[in-house]
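1. what's the 3D shape of this:
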Amino acid sequence: MGLGMIVFAIGVLVIIFAAALYNRLVTGRNRYKNAYAQIDVQLKRRYDLIPNLVETAKGYIKHERETLEAVTKARNLAVDASRAASANPGAPDAMKGLSQSEGALAAALGRLFAVSESYPDLKANQTMQQLMEELSSTENRISFARQAFNDAVMGYNISREKFPSNMIADSFGFGPAELLEVLGSPEEAKAPKVSFTS
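-> Here you go, the predicted structure:
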């Protein structure tokens, strides 16, 4: 076997190895994008529930217009942030914007839930109870989907930072992906607790 054949064989092995590393990075990126799609589905469901919740509450808590407007505004900002995150899941700016808007929405919903406790007729309203149950269920699904997304992002980031994958990642534009964290106080990070039973 000549020196040329050995060099050729080594070159082929290097190319195969580099292709395997590249494909692993592509797989990791697609996994976290797919995981974000699951979050996106649940966020859209929640964003669709909130206007119905506000409309139902509006009939009972007319003097709390500021609270209702804060929920609507926070929801609209979260929808915009969610669209930006959907366009580029894992992008640091998009994930930070979504985290901040979700924290603000959780805080606004928390205030609405606290205010609604003072209105027994609202607490007893069947539509309100059903919406609250659906919202609580959706919050749980978002939490699970967020964990799956963060796990996929962590796996991708670890893969892209390891040697020699980092050389392939840097050469082909596989940037780091950002985790989706819930910002704010621990109370804001929890799914709202719903209890309209006396």
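
2. any idea of the mean pLDDT in the longest helix belonging to the chain?
-> Ordering each helix of the chain by length in residues (DSSP state H) puts helix 3-58 first. Helix 3-58 comes out with an average pLDDT of 92.

3. who are the packing partners of it?
-> Judged by 3 or more C-beta pairs under 8 Å, 6 or more residues apart in numbering; DSSP states H and E, helix 3-58 is in contact with helix 65-87, helix 92-116, helix 126-161, helix 165-171. For the C-beta atoms, the positions are set from N, CA and C on the backbone; glycine is no exception.

4. next, count neighbours for residue 106.
-> Counted with other C-beta atoms under 10 Å, the neighbours of residue 106 add up to 23.

5. SS state for residue 174?
-> coil (DSSP: H, G, I helix; E, B strand; the rest coil).

6. now swap in the one 3 residues further on and tell me
-> When the structure is reduced to helix, strand and coil (three-state DSSP), residue 177 reads as coil.

7. tell me the pLDDT at it?
-> Listed pLDDT for residue 177 reads 93.

8. can you report how many residues neighbour it?
-> Number of residues near residue 177 (other C-beta under 10 Å) recorded here: 26.

9. which non-adjacent residue is nearest it?
-> residue 90 (3.2 Å; C-beta to C-beta, 6 or more residues apart in numbering).

10. just want the phi and psi numbers for the one you found.
-> Per-residue torsions, residue 90: phi 90, psi -10 (degrees, to the nearest 10).

11. equivalent analysis for residue 117, please.
-> Note on residue 117: backbone dihedrals following degrees, to the nearest 10 are phi -60, psi -30.

12. and the spatially closest residue to it that is not a sequence neighbour, what element?
-> Closest residue to residue 117 apart from its sequence neighbours, by C-beta to C-beta, 6+ apart: residue 123 at 7.0 Å. Element membership of residue 123 [criterion: DSSP states H and E] is helix 120-124.
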